[in-house]
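Enquirer: Structure of the sequence below:
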Amino acid sequence: MKRIFLLILLFIATSTYAQTVNEVIDNCLKALENNDIQTLRKEYSTLYLQFVKEVEPNYINAVKNVRDLDYKQAFSNLYDLISEGYMLNEIKNDDNFQDLRALDEWKSFIGYIDAITANYNNELRKKLNKIQYEDQGIRLLLLNVQKSKGLNSPTTLLIREEMKQIDSINAIRIQQIIDEFGWLGESKIGSEANQTLFLTIQHVDDLNVQEKYLPILEQAVKNGDAEAWQFAFLTDRILMNQGKFQIYGTQIIIGEKPEESYIVPLQNPEKVDELRQEVGLEPLNDYLQGEGLEWNIENYRENLPRILELYKKRNSKNN
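Expert: Reported below is the predicted structural model:
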């Protein structure tokens with residue numbers, strides 16, 4: 001769940017979110033219209049947490065349980081939520097659970113959270129969570145605007161430029177953290193902060209940086225401080241940025257028109273699902289369906305000349 005949840009922003013449609021998320025997105029767009037970058041950043045930094053609240057089943061069910069006065073089940077859902085590493089700080093002051101604070105069980109629940117975080121580097125964890133909210137929030141905003149206004153609309157281009165800027169800032173922060181502390185595992189900073197290390201390096205618009213940290217990530221996987229699917233994603237991203245064929249099928253290009261969307265060419269298409277399974281990834285067809293694409297090896301072979309031509313044009317623009 002953790003892996004899919006953090007990366008889902010890259011692959012889902014955004015038109016079905018609840019009103020609160022849409023209101024935040026509207027606030028972002030208003031700030032952009034007014035050239036109010038400070039407000040824009042403040043607003044999109046809240047999007048990821050709101051997104052979690054509106055799609056995470058345990059959170060949704062816990063809120064419903066409280067409204068139904070089913071406090072026992074509410075706590076059950078909250079314990080499941082916390083065990084996944086979500087909202088370790090935010091849940092304590094969440095107004096949706098105000099009725100639970102008068103109960104004895106609330107003290108035990110807070111004690112459980114405190115026990116989880118007792119051995120964390122919490123100062124560093126909070127810094128990484130802030131980076132995560134920026135990283136995922138700007139992408140959620142971008143996905144929404146791309147869907148509603150188009151890939152190359154002026155608003156989309158402005159948000160994409162903001163994303164590049166915040167990615168560059170966060171890349172410096174993350175490099176400083178990894179260089180000083182190493183690739184910290186969940187036991188030291190929690191699951192969300194741990195995955196922020198990967199997400200930020202994955203999003204760095206600098207091939208040299210990605211190549212530098214790939215072996216560090218690989219060693220972290222061996223040490224149990226990162227997950228194999230993360231190594232697969234970064235490996236494929238580097239290969240794509242080098243203009244080469246990818247291994248695990250994690251990289252896709254989405255164009256303005258359906259015929260301009262494609263999966264980055266594969267080194268071994270016949271064994272791609274086997275390779276994905278080895279690193280804990282779902283079958284390629286399941287993965288691609290999130291973008292309205294499908295995996296069929298016969299169709300892939302038939303369309304490969306067109307894919308190669310599109311990929312060649314992309315690489316020419318980037319070089």
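
Enquirer: Leu275 reaches Gln246, doesn't it?
Expert: No: at 10.3 Å, Leu275 and Gln246 do not qualify as touching, with contact defined as C-beta atoms under 8 Å. The C-beta positions use only the backbone N, C-alpha and C, and glycine is treated the same way.

Enquirer: Those two: who's more crowded?
Expert: Remark: of Leu275 and Gln246, Gln246 carries more neighbours, 23 against 17, as counted by other C-beta atoms under 10 Å.

Enquirer: Please tell me how far that one sits from Asn268.
Expert: For Gln246, the distance to Asn268 equals 10 Å [C-beta to C-beta, to the nearest Å].

Enquirer: what's the answer for Asp225, then?
Expert: In this view, Asp225 and Asn268 are 28 Å apart by C-beta to C-beta.

Enquirer: Of the two, give the one with the bigger neighbour count.
Expert: Neighbours of Asp225 and Asn268, each counted by other C-beta under 10 Å, are more numerous for Asp225; the result is 19 against 13.

Enquirer: OK, contacts around the residue lying closest to that one once chain neighbours are set aside?
Expert: Nearest non-adjacent residue to Asp225, counting by C-beta to C-beta, 6 or more residues apart in numbering: Gly185, 3.2 Å away. For Gly185, the contact set (C-beta atoms under 8 Å, 6 or more residues apart in numbering) comprises 194, 220, 223-226.

Enquirer: one more time with 10 Å, if that's ok
Expert: If a contact means C-beta atoms under 10 Å, 6 or more residues apart in numbering, then Gly185 has 191, 194, 197, 220, 223-226 as its contacts.

Enquirer: Any of those buried? List them.
Expert: The neighbour count (16 or more other C-beta atoms under 10 Å) marks 191, 194, 197, 220, 225-226 as buried among the contacts of Gly185.

Enquirer: Distance check, the residue of the chain positioned farthest from its centre against Ala232.
Expert: Seen from the C-alpha centroid of the chain, the residue lying at the greatest distance (C-alpha atoms, centre = their mean) is Asp104, 35.7 Å away. From Asp104 over to Ala232 the distance is 46 Å, taken as C-beta to C-beta.

Enquirer: Now do the helices in the stretch 1-150 of the chain.
Expert: In the stretch 1-150 of the chain, the segments counted as helices under DSSP state H, counting those that start in this stretch are 2-7, 19-33, 37-44, 47-55, 57-67, 71-83, 104-117, 122-149.

Enquirer: what's the average pLDDT for the longest one?
Expert: The average pLDDT for helix 122-149 rounds to 94.

Enquirer: what does the first one give?
Expert: Computed over helix 2-7, the mean pLDDT rounds to 44.

Enquirer: Next: the third one.
Expert: The predicted model assigns helix 37-44 a mean pLDDT of 95.

Enquirer: Could you tell me the angle between that helix and helix 122-149?
Expert: With axes from the mean of the first three to the mean of the last three C-alpha atoms, to 10 degrees as the criterion, the two stretches helix 37-44 and helix 122-149 enclose an angle of 100 degrees.

Enquirer: Could you do the fourth one as well?
Expert: Between the axes of helix 47-55 and helix 122-149, defined by the same axes, to 10 degrees, the angle is 80 degrees.

Enquirer: Distance from helix 47-55 to the middle of the chain?
Expert: Its chain's average C-alpha position is 12 Å from that of helix 47-55, according to C-alpha atoms, centre = their mean, to the nearest Å.

Enquirer: Convert the C-alpha atoms of that helix to CSV, please.
Expert: Coordinates of each C-alpha in helix 47-55 appear next as CSV, following Å, rounded to 0.1, in the frame of the first residue of the first chain:
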residue,chain,number,x,y,z
LEU,A,47,-2.7,19.1,-1.1
TYR,A,48,-1.0,15.8,-0.4
LEU,A,49,-2.3,15.5,3.2
GLN,A,50,-5.8,16.4,2.1
PHE,A,51,-5.5,13.9,-0.7
VAL,A,52,-4.6,11.2,1.9
LYS,A,53,-7.6,12.1,4.0
GLU,A,54,-9.9,11.8,1.0
VAL,A,55,-8.7,8.5,-0.5
